[in-house]
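Q: got a structure for you, letters missing:
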Ligand code: AMP
Ligand code: MG
């Protein structure tokens, strides 16, 4: 392998703290080389933010690195161990098709994980081939970058490399590897894993490490593990509120897919809702709607309870006392979620302050939207543009009444109508990655090797709150197709 100076000069600046954690949390593993790597998409602006040279890395040199054929200087590839409740069932897992190259220290002073996903088998692959298909990796690239554009904490996508090899799913598909960038890959499932199979010391080491990495303001002299729990609950409540406010459905909120950093992770069967309906589910395997749109806040709390359980030995030396501390914190989650969601919903309606009747103002609107199958994103966009006549609700008596009530509410607040509209513009995206647009871009890319649509789409998704003709072109909702849209787990 070529580990020479050339590669170092591309800006790599690794410091691999995770590799210094207790042995049980990972296994050193090399990515499995592929036959003919080729860069399909490369994120220039993210590369720059990471202190990497886009010109060099979007070339053959980058293709070799992001395929796992070459290891950049300073990287120490490893697969992380974790566990997880998958659809409620506890399993021992781990990176079955990913390796962490290491942590890049970036110009802003932050530390980020650089991970290859789809890079071959690891000791945690179980029955899997360790590989990923091009379509799902491009899908993760598009949706994670769209989430970033929307201002939602998320892992990012640096590159997708086609491997030149085919992988077998229902049929043969082109293989690909995604380079994922995250503030870390520490999951609820990482804690569950160490709580189940590690010692108390190892659990404490993981918790201390996580505090240092994500919550450096926590005072280690006081009750650091209680603070870790509280801060994680807060970040997740905030995150899931943000999902709800744009109609994002994660699709597979297993505890191994929930980060402690509060970033959205693991874009498998996720999708955005068109018509407002809390029961919306896209994932083909979620038959009971466990991860339906309206259930996400509840599942967030369920997952956090699993996190709290894993921290119990650290919360208090008396187990009963520890359990009651954990329960108390978990019981505060739904209020916290409601607070973030309420503030966000009021902003979507241009409201700066809070009034007692706001809840019913919001609920009435959502109720009408559900009843009349109003498009979630577009309804708020029409309200923002002061074009209520464009919503399907227009002309309905209940809507006329609601609209008057809302206008009255806007007039009662101190801020001007102009400021309210500005707030709405900041809070209501014009463009979301609608399913039919994602599919259209993927189809052209996968079947014709034509990336024009995808690149155009990615450009618009960088600034989803802008009202330009290019943006408006992405607002149309899909024609009803008869069959509901279905997504499949990251295969
Ligand atoms: P996910 O549903 O993507 O969160 O994956 C759940 C677990 O299955 C993770 O531990 C993955 O690493 C593993 N996994 C998914 N696909 C594969 C594959 N093709 N080969 C090996 N492991 C996989
Ligand atoms: Mg996962």
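A: On my side now, so go ahead. This is a predicted model, so every value here is computed, not measured. Ligands and ions are numbered 1, 2, ... in the order given.
Q: remind me, longest strand of this protein?
A: Longest strand of the chain, by residue count under DSSP state E: strand 156-168.
Q: Which strands and helices lie in contact with it?
A: Contact here means 3 or more CB pairs under 8 Å, 6 or more residues apart in numbering; DSSP states H and E; on that basis strand 156-168 packs against strand 38-42, helix 44-49, helix 60-66, helix 134-150, strand 172-182. C-beta: built from backbone N, CA, C; applies to glycine.
Q: Enumerate the residues of the stretch 1-150 of the chain near ligand 1.
A: 93-97, 125, 128-131 (CB under 6 Å from any ligand atom).
Q: could you redo the last one with a cut-off of 5 Å?
A: Counting by CB under 5 Å from any ligand atom, the stretch 1-150 of the chain comes close to ligand 1 at 93, 96-97, 125, 128, 130.
Q: from those, which would you call buried?
A: 93, 96-97, 125, 130 (16 or more other CB atoms under 10 Å).
Q: In those, find the pair that's most separated.
A: 93 and 130 (13.6 Å; CB to CB).
Q: So the residue in the stretch 151-300 of the chain that ligand 2 sits nearest to: helix, strand or coil?
A: Closest contact between the stretch 151-300 of the chain and ligand 2, by CB to the ion, is at residue 266 (4.1 Å). Secondary structure for residue 266, judged by DSSP: H, G, I helix; E, B strand; the rest coil, is coil.
Q: and the nearest residue to it once chain neighbours are set aside, what does it touch?
A: The shortest distance from residue 266 to any non-neighbouring residue, by CB to CB, 6 or more residues apart in numbering, is to residue 257 (4.1 Å). Counting by CB atoms under 8 Å, 6 or more residues apart in numbering, residue 257 touches 84, 187, 189, 250, 265-266, 268.
Q: Return the distance of residue 257 relative to residue 177.
A: 19 Å (CB to CB, to the nearest Å).
Q: Distance-wise, check the residue nearest to residue 266 relative to residue 268.
A: 8 Å.
Q: In the chain, which helix is the longest?
A: Counting residues, the longest helix found in the chain (DSSP state H) is helix 224-246.
Q: so that helix versus helix 134-150, what angle?
A: 100 degrees (axes from the mean of the first three to the mean of the last three CA atoms, to 10 degrees).
Q: Counting by contacts, list what the next helix or strand after helix 224-246 packs against.
A: Toward the C-terminal end, the helix or strand that comes next after helix 224-246 (DSSP states H and E) is strand 248-249. Here strand 248-249 touches strand 271-272, going by 3+ CB pairs under 8 Å, 6+ apart.
Q: How far does the strand it packs on sit from its chain's centre?
A: 12 Å (CA atoms, centre = their mean, to the nearest Å).
Q: try stretch 240-255
A: Distance of stretch 240-255 from its chain centroid, counting by CA atoms, centre = their mean, is 8 Å.
Q: Can you point out the buried residues in it?
A: For stretch 240-255, using 16+ other CB under 10 Å, the buried residues are 240-255.
Q: Considering only those residues, which also neighbour ligand 2?
A: The subset of those within reach of ligand 2, by CB under 5 Å from the ion, is empty.
Q: Of these, which is the nearest to ligand 1?
A: residue 252 (5.6 Å; CB to the nearest ligand atom).
Q: residue contacts, the closest one?
A: Contacts of residue 252 (CB under 8 Å, 6+ apart): 266, 268-270, 283, 286, 291, 489.
Q: Determine which two of those are furthest apart.
A: 266 and 286 (14.2 Å).
Q: beta partners for the nearest residue to residue 123 once chain neighbours are set aside?
A: Closest residue to residue 123 apart from its sequence neighbours, by CB to CB, 6+ apart: residue 27 at 4.8 Å. Beta-bridge partners recorded for residue 27 (DSSP bridges): residue 79.
Q: Point out where the stretch 1-150 of the chain drops to low pLDDT.
A: Scanning the stretch 1-150 of the chain for pLDDT under 70 picks out 1-8.
Q: Residue of the stretch 301-450 of the chain nearest ligand 2, please.
A: Closest point on the stretch 301-450 of the chain to ligand 2, by CB to the ion, is residue 303, at 12.8 Å.
Q: Give me the neighbour count for the residue of the stretch 151-300 of the chain closest to ligand 2.
A: Residues near residue 266, counting by other CB atoms under 10 Å, number 24.
Q: what's near enough to touch it?
A: By CB under 8 Å, 6+ apart, the neighbours of residue 266 are 250, 252, 256-257, 490.
Q: Kindly reformat these as JSON lines and extend each row with secondary structure, pLDDT and distance to residue 328.
A: Output for the contacts of residue 266, formatted as JSON lines (DSSP: H, G, I helix; E, B strand; the rest coil; pLDDT from 0 to 100; distance: CB to CB, whole Å):
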{"residue": "250", "secondary structure": "coil", "pLDDT": "98", "distance to residue 328": "27"}
{"residue": "252", "secondary structure": "coil", "pLDDT": "97", "distance to residue 328": "29"}
{"residue": "256", "secondary structure": "helix", "pLDDT": "98", "distance to residue 328": "26"}
{"residue": "257", "secondary structure": "helix", "pLDDT": "98", "distance to residue 328": "26"}
{"residue": "490", "secondary structure": "coil", "pLDDT": "58", "distance to residue 328": "36"}
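Q: and which of these is nearest to residue 277?
A: Among these, and counting by CB to CB, the member closest to residue 277 is residue 250, at 16.3 Å.
Q: wouldn't the closest one be in contact with residue 291 here?
A: Yes: in terms of CB atoms under 8 Å, residue 250 counts as a neighbour of residue 291; the distance is 6.5 Å.
Q: Flag every buried residue along stretch 41-60.
A: Buried, per 16+ other CB under 10 Å, within stretch 41-60: 41-43, 46-47, 49-50, 52-54, 56-58.
Q: can you tell me which of these lies nearest to ligand 1?
A: Looking across those and measuring by CB to the nearest ligand atom, the closest to ligand 1 is residue 41, at 20.1 Å.
Q: Check the gap between the residue of the stretch 101-250 of the chain found nearest ligand 1 and residue 179 for me.
A: For the stretch 101-250 of the chain, the residue positioned closest to ligand 1 under CB to the nearest ligand atom is residue 128, at a distance of 2.2 Å. Residue 128 sits 20 Å away from residue 179, going by CB to CB.
Q: What of residue 475?
A: 31 Å.
Q: Which strand residues bridge the residue nearest the centre of the chain?
A: By CA atoms, centre = their mean, the chain has its centre lying nearest to residue 264, at 2.4 Å. Counting by DSSP bridges, residue 264 is bridged to residue 154.
Q: Check what pLDDT it gets.
A: Looking at residue 264, its pLDDT is 98.
Q: isn't it right next to residue 239, touching?
A: Yes: assessed by CB under 8 Å, residue 264 is found in contact with residue 239 at 6.6 Å.
Q: For those two, list the residues in contact with both.
A: In contact with both residue 264 and residue 239: 152-153, using CB under 8 Å, 6+ apart.
Q: Hmm, residue 158 and residue 39 touching each other?
A: No: in this structure, residue 39 is not within contact of residue 158 by CB under 8 Å, at 10.5 Å.
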